[in-house]
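Engineer: Sharing a model prediction with you, sequence too.
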Amino acid sequence: MAEQLIIGGGTKQERYEALLPQIESVVEDEKDLIANMANVAAMLHETFGFWWTGFYRVDGDELVLGPFQGPMACTRIRKGRGVCGTAWAEAATQVVPDVELFPGHIACSSASRSEIVVPVFREGQVIAVLDIDSDRLSTFDETDRHYLEQITFILANACSFKKTS
Ligand code: SME
């Protein structure tokens with residue numbers, strides 16, 4: 001496994017393109033989902049300098065905080081609540097340009113201004129969400145959705161079923 005992250009060139013797309021093979025390389029060597037979530041969060045956070053980057057895992061009828069980078073955060077979120085709970089309930093990525101305009105947004109940090117939440121699917125079920133917060137408005141767009149959905153797919157499919165629940 002590579003020990004040093006190589007951060008790609010100027011554009012967002014170039015950075016994701018450089019990041020994808022490095023994530024593939026890291027997760028293909030390790031079957032434990034939590035360990036891989038930890039490295040994916042770290043790699044995304046370091047590449048883009050987001051405010052908060054991390055995972056919430058499905059635990060019964062709630063999401064529970066998983067590996068993350070950034071300030072401390074809420075530990076449990078009910079299905080359908082906030083941006084994370086909505087992404088889980090709707091099994092769909094949520095791109096939020098201004099968190100203050102999202103009904104029910106959960107403000108773990110007052111510095112968060114925009115957010116993207118991407119479900120992690122296994123066998124058609126949401127098993128976790130990837131949540132990224134920015135301290136600026138309108139940080140996330142269709143490019144982020146495209147690459148982050150690829151990253152969650154790579155993550156979920158690299159890990160064995162037995163070690164996730
Ligand atoms: N803002 C999220 C809660 C998680 S924190 O951003 C880390 C939400 O509304 O679900």
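Structural biologist: All right, it came through fine. Residues are numbered from 1 along each chain as shown.

Engineer: From here on, just use CA atoms for contacts and neighbour counts.
Structural biologist: OK.

Engineer: Show me which residues of this structure sit near the ligand.
Structural biologist: Taking C-alpha under 6 Å from any ligand atom as the criterion, the chain approaches the ligand at residues 73, 82-85, 105-108, 133.

Engineer: Narrow those residues to just the buried residues.
Structural biologist: 82-85, 105-106, 133 (16 or more other C-alpha atoms under 10 Å).

Engineer: dump the residue contacts of residue 159.
Structural biologist: Contacts for residue 159 (C-alpha atoms under 8 Å, 6 or more residues apart in numbering) come out as 27, 30-33.

Engineer: Just give the nearest non-adjacent residue to the most centrally placed residue in the chain, would you?
Structural biologist: The chain has residue 130 as the residue nearest its centroid, 2.2 Å off, counting by C-alpha atoms, centre = their mean. Leaving aside its chain neighbours, residue 130 sits nearest to residue 55 (4.6 Å; criterion: C-alpha to C-alpha, 6 or more residues apart in numbering).

Engineer: Can you tell me whether I have it right that the one you found is in a strand?
Structural biologist: Yes: counting by DSSP: H, G, I helix; E, B strand; the rest coil, residue 55 is part of a strand.

Engineer: how about the helices in this protein?
Structural biologist: Under the criterion DSSP state H, helices of the chain are mapped to 12-28, 33-48, 82-90, 142-158.

Engineer: can you redo those helices as TSV with distance to residue 98?
Structural biologist: Listed next are the helices of the chain as TSV, based on distance: least, C-alpha to C-alpha, whole Å:
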stretch	distance to residue 98
helix 12-28	20
helix 33-48	19
helix 82-90	11
helix 142-158	15
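
Engineer: Need the winner for burial among the ones you listed.
Structural biologist: Looking across the helices of the chain with neighbours counted as mean count of other C-alpha atoms under 10 Å, the highest average goes to helix 82-90: a mean of 22.

Engineer: what's that helix packed up against?
Structural biologist: Under the contact definition 3 or more C-alpha pairs under 8 Å, 6 or more residues apart in numbering; DSSP states H and E, helix 82-90 sits against strand 76-78, strand 94-96, strand 114-122, strand 125-134.
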